[in-house]
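A.B. asks: From the sequence below, what's the structure:
(one chain, ligands or ions: 1)
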Amino acid sequence: MDGADPSIDSFLAEAGNVIGAGHVLTEQSDKDGYLSELRKLFVGDSPAVLRPRSTNEVSAILRLANDSGIAVVPQGGNTGLVGGQIPDMSGRQIVLSLSRLNTIRDIDPIGNTMVVEAGCILETIHQAADEHDRLFPLTLGSMGSCQIGGNLSTNAGGTAVLAYGNTRDLVLGLEVVLADGRIWNGLRRLRKDNTGYDLKHLFIGGEGTLGIITAAVLKLFPKPATRHVAFLGLASPVDAATLFNRAKGAFSNDLTGFEIMRRTTMDIALRHIEGARDPLQSALPWYVLLEISGGRDTGDLQLQIETFLAECFEDGVVADGAIAQSDQQAADFWHLRHGMSDAQRRDGGAISHDVSVPIARLPEFLETGIARIENLVPGCRPNPFGHFGDGNIHFNVSPGYDGDPKAFFDRRAEINDVVHALTIEMGGSFSAEHGIGQLKRDLLAATKDPVELALMRSIKQTLDPNGILNPGKVL
Ligand code: FAD
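C.D. replies: Below is the predicted model of the structure:
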């Protein structure tokens, strides 16, 4: 053990007795992958990474940590974008990786439920549901590496929220280890249960500050029989709002995807995503990826979509468009959209904002936001994209190709201030789906309703009186 602090050394020795010394990682090269995230925006230090295999092992570790006052930072797939899963630089916070709790405990196709452990990769959950002819709809660009425990703890959103809701809406029950090591078995499969406060909602979106989620009962859905995806070019965000309103009216809950992107965002995707091709002949200022899924394949949905889009084209709401002619083409359209974060990273990075405003105000938000940012930093490239149908935009800003990137990134705080001020001005949220973590903790403290903030602090105090669970995050 390499901790200079004897209390940490003895904690690690006892933890090793519980989980096996081989799962207490103390070598720097073994720890490195857990101590920073993809963009290296958050880098931490830690005496060890612990890799328990079961709920009982997590419980024993927390009991030891609570008794010794040692801070624990839970980590899932390490794809979080606000630094919640990364320890601070003190070298005193232990990382608790949930990756080895990766068993799918049960699938019930009649009750449409699935019991999964926290470390199951989201994509694996999709595959398991698919094998039973069911759908687990939560879909994120990071689904090949993020874990359900992380999704639950951040209340992740993604591209299927429009039809199925956030992660919070996809859960029936939870198993949680509390700060003092007690295990709460709330793995209920009930669709109706009004027996007092619904405690699972404290831990969903709790970012590991209130308890460690070890397992969950997820809701499954019938797989849609048909899926139609169109890639559409538009003149403006106002047209996108009109299109959204019409599509919702025409297809109701069958409208399962409505994603927007600006041309500048598309340019980056086309440049950096391997094999990406522009689905349209002409370049347009804005694009919408529209998905419509049908429960039953009656054969006429395709015709309805074609008629609908032809009308939108005639009215000038849509300027150009392509309907995917095969599953592969539909996947290619989605691949463009899902690859956007990664493409921006490869393009040299961006100052990102995960914001939401009431849907009706999105056009005004996008147009005003772009104008204000271009005015603040002439030559920069605002590259917004995201979940228009949820009112959630990733308002990312990249440096100009000709400018000095360092000078641009040095202005991060100013750019953040402009975007967040506009968001709040429009009655929006400065964290729509990624959470608070370290990144937005001070902003939360500065802007949240004081009564709400006081309630949050008293919940934290009740559930984690010694402050060992992910300190320095959220509050
Ligand atoms: P981590 O990053 O490891 O942890 C996230 C937070 O949860 C931390 O605070 C951590 O302490 C806590 N935590 C993790 N596991 C547990 C547990 N078992 N118990 C208690 N606390 C825990 N997010 C979206 O919402 N929508 C998107 O569309 C989206 N797209 C993305 C695309 C890309 C390319 C990338 C890199 C990220 C994207 N994200 C998106 C962000 C990220 O993938 C999500 O926040 C995801 O839910 C994090 O899961 P994770 O397993 O990686 O968690």
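A.B. asks: hey, let's count contacts and neighbours off CA atoms from now on
C.D. replies: Will do.
A.B. asks: residues touching I183, list them.
C.D. replies: I183 sits next to T55, S59, E175, V176, V177 when contact means CA atoms under 8 Å, 6 or more residues apart in numbering.
A.B. asks: tell me the contacts of the residue most central in space within the chain?
C.D. replies: A centroid search over the chain (CA atoms, centre = their mean) returns A156, at 3.9 Å, as the residue closest to the centre. Taking CA under 8 Å, 6+ apart as the criterion, A156 is in contact with N166, T167, E433, H434.
A.B. asks: now do F333
C.D. replies: Counting by CA under 8 Å, 6+ apart, F333 makes contact with V229, A230, F231, P279, L289, A324.
A.B. asks: With N194 as the reference, measure out to it.
C.D. replies: 42 Å (CA to CA, to the nearest Å).
A.B. asks: Over to A230: give its phi and psi.
C.D. replies: Dihedral pair for A230: phi -120, psi 140, per degrees, to the nearest 10.
A.B. asks: Would you agree it is in contact with V318?
C.D. replies: No - between A230 and V318 there is no contact under CA atoms under 8 Å: 11.4 Å.
A.B. asks: Of the contacts of I183, just the buried ones, PyMOL syntax please.
C.D. replies: Burial among the contacts of I183 is assessed by 16 or more other CA atoms under 10 Å; the matching PyMOL selection reads:
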select buried, resi 55+59+175+176+177
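A.B. asks: could the contacts of I183 go into a markdown table alongside distance to V474 and secondary structure?
C.D. replies: As requested, the contacts of I183 are arranged in a markdown table below (distance: CA to CA, whole Å; DSSP: H, G, I helix; E, B strand; the rest coil):
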| residue | distance to V474 | secondary structure |
| --- | --- | --- |
| T55 | 25 | helix |
| S59 | 23 | helix |
| E175 | 22 | strand |
| V176 | 19 | strand |
| V177 | 19 | strand |
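A.B. asks: Would you check which of the contacts of I183 are in contact with the ligand?
C.D. replies: Among the contacts of I183, none lies close to the ligand by the criterion of CA under 6 Å from any ligand atom.
A.B. asks: Check the contacts of I183 and tell me the two furthest apart.
C.D. replies: Across the contacts of I183, the longest distance by CA to CA is 11.4 Å; it joins S59 and E175.
A.B. asks: in whichever strand or helix holds A310, what's buried?
C.D. replies: A310 belongs to helix 301-314 when assigned by DSSP states H and E. Buried residues in helix 301-314, defined by neighbour count with 16+ other CA under 10 Å: L301, Q302, I305, L309, C312, F313.
A.B. asks: ok, now which ones touch the fifth one?
C.D. replies: Think C312. Here C312 is in contact with L243, V318 (CA under 8 Å, 6+ apart).
A.B. asks: any idea of the pLDDT on the closest residue to the ligand within the stretch 351-475 of the chain?
C.D. replies: With CA to the nearest ligand atom as the measure, E433 is the residue of the stretch 351-475 of the chain nearest to the ligand, at 4.4 Å. At E433, the model reports a pLDDT of 96.
A.B. asks: The one 5 residues further on now?
C.D. replies: According to the prediction, Q438 has pLDDT 97.
A.B. asks: Number of residues surrounding N194?
C.D. replies: By other CA atoms under 10 Å, the residues close to N194 number 7.
A.B. asks: cool, C120 as well?
C.D. replies: Neighbours around C120, by other CA under 10 Å: 25.
A.B. asks: Also S153?
C.D. replies: Using other CA under 10 Å, S153 has 29 other residues around it.
A.B. asks: Please list all residues in contact with it.
C.D. replies: The neighbours of S153, taking CA under 8 Å, 6+ apart as the test, are F203, I204, G205, G206, E207, G208, I213.
A.B. asks: Restricted to strands, list those.
C.D. replies: Members of these lying in strands (criterion: DSSP state E): I213.
A.B. asks: Now list the buried members of the contacts of S153.
C.D. replies: F203, I204, G205, G206, E207, G208, I213.
A.B. asks: and which of those residues is nearest to P74?
C.D. replies: G208 (6.1 Å).
A.B. asks: what separates that closest one from E311, distance-wise?
C.D. replies: G208 sits 49 Å away from E311, taking CA to CA as the criterion.
A.B. asks: Ok, K219 next?
C.D. replies: With distances taken as CA to CA, K219 is found 37 Å from E311.
A.B. asks: ok, now N17?
C.D. replies: Distance, N17 to E311, by CA to CA: 68 Å.
A.B. asks: ok so, going back, can you pick out the most distant pair from the contacts of F333?
C.D. replies: Farthest pair in the contacts of F333 (CA to CA) is V229 and P279. Separation: 11.7 Å.
A.B. asks: quick one: the strands in the stretch 251-400 of the chain?
C.D. replies: 255-262, 286-294, 320-323, 354-356, 381-387, 392-398 (DSSP state E, counting those that start in this stretch).
A.B. asks: Can you spell out which helices and strands pack onto the first one?
C.D. replies: The reference is to strand 255-262. The helices and strands touching strand 255-262, judged by 3 or more CA pairs under 8 Å, 6 or more residues apart in numbering; DSSP states H and E, are helix 161-164, helix 237-251, strand 286-294, strand 381-387.
A.B. asks: and if we set it to 7 Å?
C.D. replies: For strand 255-262, the packing partners by 3 or more CA pairs under 7 Å, 6 or more residues apart in numbering; DSSP states H and E come out as helix 161-164, strand 286-294, strand 381-387.
A.B. asks: Export those as CSV, with columns for distance to Q93.
C.D. replies: Listed next are these as CSV, based on distance: least, CA to CA, whole Å:
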stretch, distance to Q93
helix 161-164, 34
strand 286-294, 43
strand 381-387, 34
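A.B. asks: Mind putting those into TSV with mean neighbour count and distance to the ligand?
C.D. replies: Below are the helices and strands packed on strand 255-262 laid out as TSV (neighbours: other CA atoms under 10 Å; distance: least, CA to the nearest ligand atom, whole Å):
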stretch	mean neighbour count	distance to the ligand
helix 161-164	19	9
strand 286-294	23	14
strand 381-387	24	8
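A.B. asks: Low-confidence bits of the stretch 201-350 of the chain, can you list those?
C.D. replies: By pLDDT under 70, the low-scoring segments of the stretch 201-350 of the chain are 297-298.
A.B. asks: Now it against the ligand: closest residue?
C.D. replies: Here the stretch 201-350 of the chain gets closest to the ligand at one residue, G208, 3.3 Å apart by CA to the nearest ligand atom.
A.B. asks: Can you name the residues that contact that residue?
C.D. replies: Shown in contact with G208 (CA atoms under 7 Å, 6 or more residues apart in numbering): P74, S153, L469, N470.
A.B. asks: Helices - which of the residues you listed land there?
C.D. replies: Among the contacts of G208, the members falling in helices (DSSP state H) are S153.
A.B. asks: Quick check: residues of the stretch 251-400 of the chain near the ligand?
C.D. replies: S341, D342.
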